[in-house]
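In: Kindly return the folded structure for what I paste below:
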Amino acid sequence: MSSPSAPPAEPEDRGLLRFLTCGSVDDGKSTLIGRLLYDSKTLLADTLSAIEKTSQRRGLASVDLSLLTDGLQAEREQGITIDVAYRYFSTGTRKYIIADAPGHEQYTRNMVTAASTANLAIILVDARKGVLAQTRRHSILAHLVGIPHLVVAINKMDLVGYSQEAFSKIMADYLEFAGKRGIEDVHFIPLSALNGDMVVERGENLGWYKGPALLDILETAAPAHSEHAEPLRFSVQYVCRPQDAANPALHDYRGFMGRIESGAVKTGDAVSVLPSGLSTTVKAVQLGGEDIGAALAEQSVTLLLDDDIDISRGDMIVAGGSGAPPAQKEIDAIICWLSESPLDRARTFLIRHTTREVRARLTSIAHKLDVNTLERLPAEKLVMNDIARVRFKLAQPVFADPYAGNRATGAFIVIDESNNNTVGAGMIQ
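Out: Got it, this is the predicted structure:
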């Protein structure tokens, strides 16, 4: 009698990967996203049926995968300002969020917004055209906002006969440019989004390329918060003090609810509270009222502490001992101006940093950056899509790390007090 077979092993969970697709107009971003969703079999049946019928009505011999993002293109033609499309899909081992950024220079603010949360960028290059000004600009912006991994996808290889020489020339041109701009960790891949070569499956036309297909790169890419060790940064969003006359045990309950921006926390950890600097120990880590014992970056949890410390929204809980971020009442930052109204240097603004909100005034503009060359230009004002090095003076301190070391606590947004609109996004230097 044969022994029963072992149950199948659970697939490895490689976590969530947020990535950005960008490139010049007509480089094939829409088709690439459609191919990823189609070949990874993550399209819903009704969505697939709809684009098949639309393709047939247009007289196409095969499914036009770019139709998956046509809705966004129509929005742009109508002048709607939401110019970044997000797509979601999942494989057996990982979940993905794709941000499809617009290519035009007038949408710089939208690409910066999309790139701010991405951990990998796919920069598409048309194999017939090579490295263009938009290729360089998108690479510079991705590098500027701290995306740690770049994939240069040389698309439409079918239109150059799958030529290895064409691929090698574009790779050499890009590496020459990247070396001058300090851009590192770049992976090159030839592909045809239209035919599916090297997207999910390897195909039969690029036998000279020995590297992984695009989905293999995405499956093995490092998730956020894994590039280097990050200290605990827990921003307090709400102090929970439930009042329930029927449950006297809750009278002494005080939970500090918020999101772990970086690092990890577990029961028994020594922590400090900013701005008071007082120290205590974590009594419990709760999620949905249950004690889970420990939590990681990007989880929203409730912390219970051993000592009764005065803590409010906007305070920060950090690991005990050294390594707490400094309290800063003046910050130097790279800022992208998002508003259609130019920056008025005479006005005060609100700066929202994690859950802390403080009033601020711009004290200087060191220079403006040319997003195509990174040349530093003098500037007296900022208009929409401008990127500049500036200095703010704050009414109260914030607890900030340099953006290069911690993207969560090194970033902030600028808010117009008069209408509560977000007018700028900054990265602390």
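
In: Name the residues of stretch 17-25 that come out as buried.
Out: Under the neighbour-count criterion of 16 or more other C-beta atoms under 10 Å, stretch 17-25 has 17, 18, 19, 20, 21, 22, 23, 24 buried. Heads up, the C-betas are built off the backbone N, CA and C, glycines and all.

In: same deal with stretch 158-175?
Out: Neighbour count says stretch 158-175 has 158, 160, 162, 166, 167, 170, 171, 174 buried, by 16+ other C-beta under 10 Å.

In: Repeat that for stretch 303-314.
Out: Result for stretch 303-314 [16+ other C-beta under 10 Å]: buried residues 303, 304, 305, 309, 311, 314.

In: tell me the pLDDT at the last one?
Out: At residue 314 the predicted local distance difference test score is 95.

In: So, low pLDDT: which residues of the stretch 101-250 of the chain?
Out: 103, 243-250 (pLDDT under 70).

In: What segments of it are strands?
Out: Taking DSSP state E, counting those that start in this stretch as the criterion, the stretch 101-250 of the chain carries its strands at 120-126, 149-155, 186-190, 233-240.

In: Let's have these in JSON lines, adding mean neighbour count and distance to residue 358.
Out: JSON lines is the format used below for the strands of the stretch 101-250 of the chain (neighbours: other C-beta atoms under 10 Å; distance: least, C-beta to C-beta, whole Å):
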{"stretch": "strand 120-126", "mean neighbour count": "25", "distance to residue 358": "32"}
{"stretch": "strand 149-155", "mean neighbour count": "23", "distance to residue 358": "33"}
{"stretch": "strand 186-190", "mean neighbour count": "20", "distance to residue 358": "38"}
{"stretch": "strand 233-240", "mean neighbour count": "19", "distance to residue 358": "14"}
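
In: Adding distance to residue 351, write those strands out as TSV.
Out: Listed next are the strands of the stretch 101-250 of the chain as TSV, based on distance: least, C-beta to C-beta, whole Å:
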stretch	distance to residue 351
strand 120-126	27
strand 149-155	29
strand 186-190	34
strand 233-240	14
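
In: just to revisit the earlier point, now, the buried residues of stretch 158-175 that are in helices?
Out: 166, 167, 170, 171, 174 (DSSP state H).

In: so who does the second one touch?
Out: When the contact criterion is C-beta atoms under 8 Å, 6 or more residues apart in numbering, the partners of residue 167 are 127, 154, 157, 188, 190, 209.

In: thinking the fourth one is in contact with residue 173, fair?
Out: No - counting by C-beta atoms under 8 Å, no contact exists between residue 188 and residue 173, whose distance comes to 11.1 Å.

In: Neighbours of residue 131, how many?
Out: 24 (other C-beta atoms under 10 Å).

In: Which residue is the nearest non-sequential neighbour of it?
Out: Using C-beta to C-beta, 6 or more residues apart in numbering and skipping the chain neighbours, the partner closest in space to residue 131 is residue 173 (4.7 Å).

In: do the same with residue 87
Out: Using C-beta to C-beta, 6+ apart, the nearest residue to residue 87 is residue 98, at 4.4 Å.

In: For the helix or strand hosting that neighbour, list the C-alpha coordinates in CSV.
Out: Of the helices and strands defined by DSSP states H and E, residue 98 is found in strand 95-100. Extracted C-alpha coordinates of strand 95-100, given in CSV (Å, rounded to 0.1, in the frame of the first residue of the first chain):
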residue,chain,number,x,y,z
LYS,A,95,0.9,41.3,-5.4
TYR,A,96,1.6,44.2,-7.7
ILE,A,97,0.4,47.8,-8.0
ILE,A,98,1.3,49.4,-11.4
ALA,A,99,1.4,53.2,-11.8
ASP,A,100,1.2,54.2,-15.4
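
In: Okay, now the sheet partners of it, with direction.
Out: Strand 95-100 has the following strand partners under DSSP bridges: strand 16-23 (parallel), strand 85-90 (antiparallel).

In: Would you mark the buried spots in it?
Out: Buried, per 16+ other C-beta under 10 Å, within strand 95-100: 96, 98, 99, 100.

In: which element is residue 396 on?
Out: Element membership of residue 396, judged by DSSP H and E, is strand 387-399.

In: Report all helices and strands that that strand contacts.
Out: strand 327-337, strand 348-353, strand 356-369 (3 or more C-beta pairs under 8 Å, 6 or more residues apart in numbering; DSSP states H and E).

In: residues in contact with the next helix or strand after it?
Out: Scanning forward in sequence from strand 387-399 by DSSP H and E, the next helix or strand is strand 411-415. Residues from elsewhere that reach strand 411-415 (C-beta under 8 Å, 6+ apart): 116, 331, 333, 335, 349-353, 357, 360, 398, 400, 403, 421-428.

In: thinking again about what came up before, now mean neighbour count and mean pLDDT too, for the helices and strands packed on strand 387-399, in a markdown table please.
Out: Output for the helices and strands packed on strand 387-399, formatted as a markdown table (neighbours: other C-beta atoms under 10 Å; pLDDT from 0 to 100):
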| stretch | mean neighbour count | mean pLDDT |
| --- | --- | --- |
| strand 327-337 | 19 | 95 |
| strand 348-353 | 19 | 96 |
| strand 356-369 | 17 | 96 |
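
In: In JSON lines: these, plus distance to residue 86.
Out: Putting the helices and strands packed on strand 387-399 into JSON lines (distance: least, C-beta to C-beta, whole Å) gives the following:
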{"stretch": "strand 327-337", "distance to residue 86": "19"}
{"stretch": "strand 348-353", "distance to residue 86": "22"}
{"stretch": "strand 356-369", "distance to residue 86": "26"}
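
In: Between the ones you listed, which one is closest to residue 385.
Out: Closest to residue 385 of the helices and strands packed on strand 387-399, according to C-beta to C-beta: strand 327-337, at 7.0 Å.

In: Contacts only, for the closest residue to residue 178 other than its chain neighbours.
Out: If the residues on either side of it in the chain are set aside, residue 178 comes closest to residue 186, at 5.9 Å by C-beta to C-beta, 6+ apart. Counting by C-beta under 8 Å, 6+ apart, residue 186 touches 150, 151, 152, 174, 175, 178.
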